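Student: Sharing a sequence plus its predicted fold:
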Amino acid sequence: MVYSLNWKKAVIASLLMLLFASASIGTAAGADVAMFVTADNFDDYVTGTYTGSDGPGMWLQDLGESGSANYKIISSGGRTFYKLESSDAFFVKAILPYYFLILYIGPINYSVTASMKVDVGEGGIIFRVQPVKVGDIYYLRKYYLATVYKDSRKVALWYVDEIEGPGAGPRLALADIPESIDLDNWFSLNVIARGDNLVVKINNQELINVNDDRLSYGSIGLYTFKGCAASFDWINWIAYVPQATETVTTTITTTATGSASTVTSTVTEGTTVTTTATETGETTVTMTETTTSPAETVTETVTATQTTTEKETETKTVTETATSTLTSTVTEAGGLRCLIATAAFGSEIAPQVQALRNFRDGFVTRTFAGENFMKAFNAFYYSWSPYVAHAEYENPTLRDIVKTSIYPLLFSLDVSKQAAEPFSTIPELAVLISGLVAASLIGLIYAAPIVVSIFLILRWKGKRFNIKLLYPSAALIMGLILFALAEASASPLLMILASSTIVLSAMAFGAIAPAKIFSIWESRKRA
């Protein structure tokens, strides 16, 4: 049951997904950038039997039907692994609870790999697990299941809806397992979900590839069936994040009067677009070409008007006027686009947009810490920014609001860069100080007014609003420790976690500090 989940696990899951997996929400099939979500080898868990729903680490233990089962962390043969063993329960599952209340907060398109062994009967991976409401309670009862049958040497892909009864749901595919795969020992089971496409692999051999649109999102888990047992080790969850793309429309309109004329427009900077329009007599021809380009492109509009006059031997004058409007794609070497700022200020070369890009490409990404933080930030930013940018183009009022809101961000970045300037000889320290200052100012400018307003409203109503800086302070200290470890070990994944933790905790600190100060001042005033 979702509501029986330990709240600490829910908070941890929420933070992890905000850092690592938000980017994949709403993506389409065919994403081509892999991003680490989480991994678990069970080595740091305490061996023994775990009862109830609160399993080891992040795992939520769940029985599909009434009955009993054993969940054990076992150390044997040089491995520490998680064993699910059913006595008489139909569906025995261990699920990673990437939910906030009943809302799924994990990636949409992803790959899950488990090193596993079927001890008795069958076992496998469940994915796109979704909650189903029964009465007033939500249960995790709907999912896809890729399961390995040891005795018959088959692998099957099922759609399962336990609410409909044990075994309810159609089998989507069934395949033979090659004799080269030894099911008596550990093997690798991999499932890939991209859009409607579902793939199942064993030891990297693709055995099932089908399309099904019943479930489009949901978390992952481990599985065994009634009277069966399966062991799992080295769970690896990878999200697929799309490259940001945009649609560019090229329109050429030519009006010619008089004799036949030919107009050729060519853009040779970065990408070359050549369009030829030929007219005879008094005609107007409009040609439109639409292409999709990666996020590393900018859009530029060039308008050219040409008028030519020539005299023939019979003193007859012919005048031709050609007006061309060309929207062209030009490759920019400066990295990913600032989509929202570009839409707000109307141009990729606007000073404000250039300032944001220069801060990112000329300062932040030139350091190990900054480069890895930007991996997490870009994955998050480009998952939703194209939709905001599109809305800006459609709504001038929204564009003005966004434009106004960007100026405090520019101020924060400029102050943070000045604060880091004395440490420029130590780039990693400089980018750390800059990140702390910028994040604190962003929290102070954008979020603190909201927090203070809530504080004042609650005080006005006579309600207590206890503000604690302990939690963001503790998170900040932990982030700094991880930062030092990441620098020492040169671990990109650890640096992503460290830098994201530092930025988020600094923003939280800046957001609640004014309300805390006001609370202290008010308490002293009353005393």
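Tutor: Received the coordinates, thanks.
Student: Tell me if residue 417 really is in a helix.
Tutor: Yes. According to DSSP: H, G, I helix; E, B strand; the rest coil, residue 417 belongs to a helix.
Student: My guess is it contacts residue 435. True?
Tutor: No. The pair residue 417 / residue 435 is not scored as a contact, 10.8 Å apart, by Cβ atoms under 8 Å. For glycine as for every other residue, the C-beta is placed from the backbone atoms N, C-alpha and C.
Student: Which helix or strand contains the nearest residue to residue 502 once chain neighbours are set aside?
Tutor: Ranked by Cβ to Cβ, 6 or more residues apart in numbering and with sequence neighbours excluded, the top spatial neighbour of residue 502 is residue 479, at 3.8 Å. Applying DSSP states H and E as the criterion places residue 479 in helix 470-489.
Student: Please enumerate residues in contact with that helix?
Tutor: For helix 470-489, the external contacting residues (Cβ atoms under 8 Å, 6 or more residues apart in numbering) are 368-369, 372, 428, 432, 491, 494-495, 497-499, 501-502, 504-506, 508-509, 512.
Student: Adjacent strands (with direction) for the helix or strand that contains residue 130?
Tutor: For residue 130, the host element (DSSP H and E) is strand 122-134. When pairing is defined by DSSP bridges, strand 122-134 lines up against strand 137-149 (antiparallel), strand 219-225 (antiparallel).
Student: so what pLDDT did residue 289 get?
Tutor: Looking at residue 289, its pLDDT stands at 43.
Student: What of the one 4 residues further on?
Tutor: The predicted local confidence for residue 293 comes out at a pLDDT of 42.
Student: Could you do residue 95 as well?
Tutor: Looking at residue 95, its pLDDT is 93.
Student: Number of residues surrounding it?
Tutor: Counted with other Cβ atoms under 10 Å, the neighbours of residue 95 add up to 25.
Student: measure it to residue 53 for me?
Tutor: Noted for residue 95: a distance of 10 Å to residue 53, by Cβ to Cβ, to the nearest Å.
Student: which neighbours do those two share?
Tutor: 60, 62.
Student: Give me whichever of the strands paired with strand 122-134 is most buried.
Tutor: Neighbour counts (mean count of other Cβ atoms under 10 Å) averaged over each of these peak at strand 219-225, with a mean of 26.
Student: Give me the mean pLDDT for the helix or strand following it.
Tutor: Heading C-terminal from strand 219-225, the first helix or strand you meet, by DSSP H and E, is strand 229-241. Throughout strand 229-241, pLDDT has a mean value of 90.
Student: Ok, stretch 415-432 next?
Tutor: 88.
Student: centre of the chain versus that stretch, how much separation?
Tutor: 29 Å (Cα atoms, centre = their mean, to the nearest Å).
Student: Identify all contacting residues around it.
Tutor: Residues outside stretch 415-432 that contact it (Cβ under 8 Å, 6+ apart): 359, 363-364, 366-370, 433-438, 441, 483, 487, 502.
Student: Now it: buried residues?
Tutor: 416, 417, 419, 420, 427, 428, 429, 430, 431, 432 (16 or more other Cβ atoms under 10 Å).
Student: Okay, now the unreliable bits of the stretch 301-450 of the chain?
Tutor: 301-337 (pLDDT under 70).
Student: Could you give the separation of stretch 110-120 from the chain centroid?
Tutor: 25 Å.
Student: which residue packs closest to residue 49, ignoring adjacent ones?
Tutor: Nearest residue to residue 49 in three dimensions, chain neighbours excluded: residue 72, at 5.1 Å (Cβ to Cβ, 6+ apart).
Student: Hmm, I typed the wrong one, I wanted residue 443.
Tutor: With sequence-adjacent residues excluded and distances taken as Cβ to Cβ, 6+ apart, residue 443 is closest to residue 510, at 2.9 Å.
Student: Next: residue 52.
Tutor: Spatial nearest neighbour of residue 52, excluding adjacent residues (Cβ to Cβ, 6+ apart): residue 61 at 6.9 Å.
Student: Run through the residues that contact that neighbour.
Tutor: Residue 61 makes contact with 50, 52, 53, 54, 55, 71, 93, 94 under the criterion Cβ under 8 Å, 6+ apart.
Student: Against residue 60, how distant is the second one?
Tutor: It stands for residue 52. 10 Å.
Student: more crowded one of the two?
Tutor: Shown here are residue 52 and residue 60; by other Cβ under 10 Å, residue 60 has more neighbours (25 against 9).
Student: Give me the mean pLDDT for the helix or strand harbouring residue 193.
Tutor: With secondary structure defined by DSSP H and E, residue 193 is part of strand 187-194. Taken as a whole, strand 187-194 has a mean pLDDT of 96.
Student: picking up where we left off before, out of the strands paired with strand 122-134, nearest to residue 238?
Tutor: With respect to residue 238, and counting by Cβ to Cβ, the nearest of those is strand 219-225 at 10.9 Å.
Student: Could you pull out the helices in this protein for me?
Tutor: If DSSP state H is used as the criterion, the helices of the chain fall at 7-20, 339-345, 351-362, 368-394, 396-420, 427-442, 448-460, 470-489, 492-526.
Student: between these, which gets nearest to residue 239?
Tutor: Residue 239 lies closest, by Cβ to Cβ, to one member of the helices of the chain: helix 7-20, at 7.2 Å.
Student: Domain parsing of the protein, as residue ranges.
Tutor: The chain resolves into domains spanning 2-241, 253-331, 339-526 when parsed by automatic domain parsing.
Student: Angles on the backbone of residue 135, please.
Tutor: Dihedral pair for residue 135: phi 70, psi -120, per degrees, to the nearest 10.
Student: ok, now residue 97?
Tutor: Torsion angles at residue 97 (phi, psi; degrees, to the nearest 10) stand at phi -80, psi 70.
Student: Could you give the number of residues near it?
Tutor: 26.
Student: Distance of it relative to residue 129?
Tutor: Residue 97 sits 9 Å away from residue 129, going by Cβ to Cβ.
Student: do you know how far the closest residue to residue 392 other than its chain neighbours is from residue 112?
Tutor: Nearest residue to residue 392 in three dimensions, chain neighbours excluded: residue 343, at 3.9 Å (Cβ to Cβ, 6+ apart). Between residue 343 and residue 112 the computed distance is 36 Å (Cβ to Cβ).
Student: before we move on, what about residue 393?
Tutor: Using Cβ to Cβ, residue 393 is found at 38 Å from residue 112.
Student: In terms of neighbours, single out the busier of the two.
Tutor: residue 112 (23 against 12).
Student: my read: residue 448 touches residue 518, true?
Tutor: No. Judged on Cβ under 8 Å, residue 448 makes no contact with residue 518 at a distance of 10.2 Å.
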